[in-house]
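Asks: Just need the structure, nothing else, for what follows:
(2 chains)
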Number of protein chains: 2
Amino acid sequence: MNISINNSKENEPKEETKEVSASELRQDIVSGDWVVIATGRAKRPGDFANFERNKDDKGIEECLFEDPVASGQEKDVLIYHKADGDWTLRVFPNKYPAFSQGELPHPISEGPYFAMSGVGYHEIVVTRDHYRQLAMMDTMEIAEVFDAYQDRYLEHMNKKGVNYVTVFHNHGKEAGASISHPHSQLMAIPVVAPYIKLELDGAEKYYKSNKECVFCTMAEYESEEGKRTIFENEEFIAFCPFASRAAFEVHVMPKKHSPYFERINDEQKVKLAEVFGKALGAIYKALNDPPYNFYIHSAPCDGRDYPHFHWHIEILPHTATWAGFELDTGIEISTLQPEVAAEFLRKQLEK
Amino acid sequence: MNISINNSKENEPKEETKEVSASELRQDIVSGDWVVIATGRAKRPGDFANFERNKDDKGIEECLFEDPVASGQEKDVLIYHKADGDWTLRVFPNKYPAFSQGELPHPISEGPYFAMSGVGYHEIVVTRDHYRQLAMMDTMEIAEVFDAYQDRYLEHMNKKGVNYVTVFHNHGKEAGASISHPHSQLMAIPVVAPYIKLELDGAEKYYKSNKECVFCTMAEYESEEGKRTIFENEEFIAFCPFASRAAFEVHVMPKKHSPYFERINDEQKVKLAEVFGKALGAIYKALNDPPYNFYIHSAPCDGRDYPHFHWHIEILPHTATWAGFELDTGIEISTLQPEVAAEFLRKQLEK
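Replies: The predicted structure is shown next:
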């Protein structure tokens, strides 16, 4: 292993006013994308907890998801209950869907352009407690959430016109959560997501060159190396990616090769919930309840096989504003080395 | 021209509480990316002016760029003056560069990963007046800014280790401007930006199929069609792209084919400044001084020719939060049809 000039500065005393930054361009080995780790603008890991935030000012009294009728929850498509009868999780169609049911996607052309009708499914997954976000939940509660994701994924994946299913979660206003009550979203859409396409192509290319899955290679390397690992058990590993796009980005990945999230079994769901819960809990503590997004990247359900893909979850806390440079180039600038972020996250687990 | 089902709803009375959204998936004909125009969540165009914003609370007294010494401006690399002697624009190296000068990019490997040292140039372009943002400037003032961009672009593009030059501008805190005094940034970097790569590939592919530049096709079609056009003169056109990623996105493009921004002549700079100024001014009025980013997409300077590329400027006001869905899929959801946005922007020019 080569040690870079920049990495070797990790343990040096921090100079607050240095003129010249030590920055490093890191390449994502799956997509080929670049990120910049610009430590000349670095803050200490703990400083990221002090960002400004706009807390949702609506209280529980005004929460739509506390009132099943107001939110249109009468159309539940899935509901889990506790033994005593109260519900713990429910899934219902989004009242204002980005993709809505209808006929099969209908092609639309105008001059040189192409479009299609935005046909699909858009559902909301809500857990019971207004204040108990995923980062606070125990393993079995989180496993139930993944169980609901899988249930709805399986429901939609084989429908006509559905070629990709996205499952994601927004927490905090800056991360796009317009309602603060914990909820995830599932959309079944007619096109393969462009970012997934990049990963599929990258994984295919890597396999052709190396006869190995690029994600398996990463999971194995990170588990052995350890410096970017947050937590792992026999089935899953959580680590800060080498080419993190933002400080404290964490990926959670099965250690055994599997392209398809929806094929996870019950035992694996519990193992996933343990690792995911530790990672999210560490982010929550390290950054003092930051806004974040997470989402599942799974192989498309367009009828093809994707043997070289490897499903995973990406957790992205809002520790940076992606501005002109990122929008222009697609290269993200992060001001904290993933190795330093991972060490700081591991420390939270000792508390 | 086919009229889509969704487009035909444009003139119907708006139903505030409709249950099912009419959404449309539009494809970017350059990159192949998708966006969703989800009018079921639509607001009226004027409603976008009412978003919350965090204005920079530092006044002119504390502005770094008002104090050349504090901001390190003693290292000016370019300065323009008025006849009476006061400066109007200056360019100096960023004190905290994301890319900094050094030896040639140095490869770094770690396990399966690849990186290189972040070597390059990072400069700041500052105009004189703290309160006079680009949207308020007249044509000749804006032409001077483009002149400075070109000057510095030409300075860096042929340096060893430089393969791409990005020029961008952040306005407003939410758009990543940490200092409110109007300033742009230029970075000369060792890698071709991934987003440019997508556009280069898309333009190449389109040329192979159609024997025409995809950007020329768009500029010509938009000029003829008119419904998405904001303003045009004989050299440039500003329009809301068919596949707008956010409400009020505007692209400014030369009508005559040219891959390279840096080859613009003085007369063209004035024509560009007129069209760009109208577009930015319309956005400023329509959205009540919104945060925005703009950036120039020009062909790489890596020694190759890119005859099928066509330089342009993208203006992206912050009218949406890109959250879990966008981060997961790379598909942006916009809640306003580009045709409606363009009409609203054109109206601002009549005021």
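Asks: C-alpha coordinates for the top helix by length along chain A, CSV please?
Replies: In chain A, with assignment by DSSP state H, the single longest helix is helix A:266-286. Taking Å, rounded to 0.1, in the frame of the first residue of the first chain, the C-alpha atoms of helix A:266-286 are listed here in CSV:
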residue,chain,number,x,y,z
ASP,A,266,-35.1,-12.4,7.7
GLU,A,267,-31.8,-13.3,9.4
GLN,A,268,-29.9,-11.0,7.1
LYS,A,269,-32.4,-8.2,7.7
VAL,A,270,-31.5,-8.3,11.4
LYS,A,271,-27.8,-8.3,10.7
LEU,A,272,-28.3,-5.4,8.3
ALA,A,273,-30.3,-3.5,10.9
GLU,A,274,-27.5,-4.0,13.4
VAL,A,275,-24.8,-2.5,11.2
PHE,A,276,-27.1,0.2,9.7
GLY,A,277,-28.3,1.2,13.1
LYS,A,278,-24.7,1.5,14.5
ALA,A,279,-23.7,3.6,11.5
LEU,A,280,-26.7,5.9,11.6
GLY,A,281,-26.5,6.2,15.4
ALA,A,282,-22.8,7.1,15.2
ILE,A,283,-23.6,9.9,12.6
TYR,A,284,-26.5,11.1,14.9
LYS,A,285,-24.1,11.4,17.9
ALA,A,286,-21.1,12.7,16.0
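Asks: Now look at the helix or strand following that helix and say if it contacts chain B.
Replies: Sequence order places strand A:292-297 as the next helix or strand after helix A:266-286, per DSSP states H and E. Yes. Interface with chain B: strand A:292-297 contributes A:293-297 (C-beta under 8 Å from any C-beta of the partner chain). Glycine gets a C-beta too; all of them are placed from N, C-alpha and C.
Asks: Stretch A:29-38 now?
Replies: Yes. Stretch A:29-38 reaches chain B (C-beta under 8 Å from any C-beta) through A:29, A:31-34, A:36-38.
Asks: who touches that stretch?
Replies: Contacts with stretch A:29-38, where a contact means C-beta atoms under 8 Å, 6 or more residues apart in numbering or on different chains, come from A:6, A:21, A:23-28, A:195, A:198-199, A:202-203, A:206, A:214-215, A:218, A:242-245, A:330-338, B:98-99, B:112-114, B:118, B:191, B:194.
Asks: Name the residues of that stretch that come out as buried.
Replies: A:29-31, A:33-38 (16 or more other C-beta atoms under 10 Å in any protein chain shown).
Asks: which of these sit farthest apart?
Replies: Greatest spatial distance in those: A:V30 and A:A38, 22.0 Å, computed using C-beta to C-beta.
Asks: Next step: the contacts of stretch A:29-38 restricted to strands.
Replies: Counted as lying in strands by DSSP state E, out of the contacts of stretch A:29-38, are A:23-27, A:332-334, B:113-114.
Asks: Which residues of the stretch 201-350 of chain A lie near chain B?
Replies: Looking at chain B, the residues of the stretch 201-350 of chain A close enough under C-beta under 8 Å from any C-beta are A:214, A:217-218, A:221, A:225, A:242-243, A:293-297, A:314, A:316, A:321-325, A:327-331, A:333.
Asks: Apply 6 Å and report the result again.
Replies: Residues of the stretch 201-350 of chain A lying close to chain B by C-beta under 6 Å from any C-beta of the partner chain are A:217, A:221, A:242, A:293, A:295, A:321, A:323-325, A:327-330, A:333.
Asks: from these, which is closest to A:I264?
Replies: A:Y295 (15.7 Å).
Asks: Could you give the bridge partners of A:F231?
Replies: Beta-bridge partners of A:F231, counted by DSSP bridges, are A:A238.
Asks: That'll do, ta.
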